[in-house]
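> What shape does this take:
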Amino acid sequence: MTPDGGGSASKRPQRVQIFGRRDSRETQRASRFFKERRVEVSLVDVAVRPPAPTELRRFIQRLGAAALLDTSGRLYQEQGLANLRMNEAEVADRLIFDPRLVRLPLVRMGERASAGPDEPAWRRWLAEDGR
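The predicted structure follows:
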């Protein structure tokens with residue numbers, strides 16, 4: 001019996017996992033967006049614990065490596081990556097080798113994923129789930 005009197009739970013409570021920097025405005029904005037909508041947030045501070053290669057590969061499979069590459073970041077500019085022509089596999093290898101090049105926050109909710117601040121996508125996810 002569920003608290004609302006139903007016989008079974010129709011949906012599991014929603015939970016979102018955010019990979020970002022605790023001191024980043026974009027990460028804070030993403031966290032606040034979900035908390036305001038009563039979605040449980042699990043924040044992984046990449047300054048303390050960078051995403052594991054397997055975790056990055058999951059995001060790459062869902063979004064593509066190019067979507068994860070932070071082309072506006074200082075490190076991207078310092079390494080001269082704008083001047084290189086890299087295919088998807090080379091970009092993926094570079095992201096896994098140096099996760100500081102990843103566009104943050106990375107947000108995952110179930111099978112859904114986004115890279116960077118993407119409030120329209122987050123709204124769509126919640127609407128699809130009836131929130």
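
> Below-threshold pLDDT in this structure: ranges please.
1-13 (pLDDT under 70).

> repeat that with 90
Within the chain, the set of residues satisfying pLDDT under 90 comprises 1-14, 79, 82-84, 129-131.

> For the residue nearest in space to the middle of it, which non-adjacent residue is spatially closest?
For the chain, the residue nearest the mean C-alpha position is L106 (1.7 Å; Cα atoms, centre = their mean). Nearest non-adjacent residue to L106, counting by Cβ to Cβ, 6 or more residues apart in numbering: F19, 4.0 Å away. Using the backbone N, CA and C atoms, a C-beta is placed for each residue, glycine as well.

> Wait, a strand at the one you found?
Yes - counting by DSSP: H, G, I helix; E, B strand; the rest coil, F19 is part of a strand.

> what residues are up against it?
V44, V46, P51, E55, V102, L104, P105, L106, V107 (Cβ atoms under 8 Å, 6 or more residues apart in numbering).

> again, only this time at 6 Å
Residues near F19 by Cβ atoms under 6 Å, 6 or more residues apart in numbering: V44, V46, P51, L106.

> Nearest spatial neighbour of the first one, chain-adjacent residues omitted?
Spelled out, it's V44. Nearest one to V44, counting by Cβ to Cβ, 6+ apart, is F19 at 4.8 Å.

> State the distance from the one you found to I60.
13 Å (Cβ to Cβ, to the nearest Å).

> Strands of this protein, start to end?
Using DSSP state E, the strands of the chain run over 15-20, 40-45, 106-109, 112-115.

> Turn the ones you listed into JSON lines, including distance to R123.
Converted to JSON lines, those look like this (distance: least, Cβ to Cβ, whole Å):
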{"stretch": "strand 15-20", "distance to R123": "13"}
{"stretch": "strand 40-45", "distance to R123": "16"}
{"stretch": "strand 106-109", "distance to R123": "12"}
{"stretch": "strand 112-115", "distance to R123": "11"}
